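[1] Sequence and predicted structure below; questions after.
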Amino acid sequence: MALTLNHFSIRTLDMESTRRFYVDILGLTVGPRPPFPFPGMWLYRGDQADAGNAVVHVIGMDANDPVGLKNYLGERDVSTLSGSGAVDHIAFFADGLAQMLSHLKAHGVAARERTVPAIGLHQLFLDDPNGIVVELNYPTAEKEALDAAR
């Protein structure tokens, strides 16, 4: 059986900061979402007509009306919503390293960089507004070209 990442879900008390990070920083778009009995949004990479492109599902926690979410996905203690919990990070393949580094700088988003020569990847690690680590993987050739241009 072959598996690929379909989506990951984030429970948050701050929908707007979460939306801004994934839309303004990572370039995803807000698109169609089924009418679940709780607030949320689906963030897409690519064609919004294909629900398989909704790679991030944001689950909003409404303190004034928690019943829909509790009945659908179960209850979670608000104190557990910081950081990645049992999920260490979420990773995406990417291209356009130089543009992303400039973009992050312009938005004041810090990135931790690592190169993994054995697999030909240059990595950026970012923290989203919920403390979840997001890894962006670029071909090392992009990092090498960037270094040579400096």
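    Sure thing, it's come through. Residues are numbered from 1 along each chain as shown.
[2] only C-alpha atoms for contact and neighbour calcs from this point on.
    OK.
[3] which stretches of this structure have low pLDDT?
    The chain contains residues with pLDDT under 70 at 1-3, 85-86, 88.
[4] can you give me the helices for it?
    Assigned by DSSP state H, the chain shows helices spanning 15-20, 67-73, 97-106, 140-149.
[5] most neighbours per residue, which of those?
    helix 15-20 (a mean of 16; mean count of other CA atoms under 10 Å).
[6] Packing partners of that one?
    Under the contact criterion of 3 or more CA pairs under 8 Å, 6 or more residues apart in numbering; DSSP states H and E, helix 15-20 touches strand 54-60.
[7] Okay, the closest residue to residue 48 other than its chain neighbours and residue 90: tell me how far apart.
    Leaving aside its sequence neighbours, residue 48 sits nearest to residue 31 (CA to CA, 6 or more residues apart in numbering; 5.9 Å). Applying CA to CA, to the nearest Å, the value for residue 31 to residue 90 is 20 Å.
[8] okay, the helices of the chain in a markdown table with distance to residue 27 next?
    Output for those, formatted as a markdown table (distance: least, CA to CA, whole Å):
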| stretch | distance to residue 27 |
| --- | --- |
| helix 15-20 | 10 |
| helix 67-73 | 27 |
| helix 97-106 | 10 |
| helix 140-149 | 19 |
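[9] Cool, thanks, talk later.
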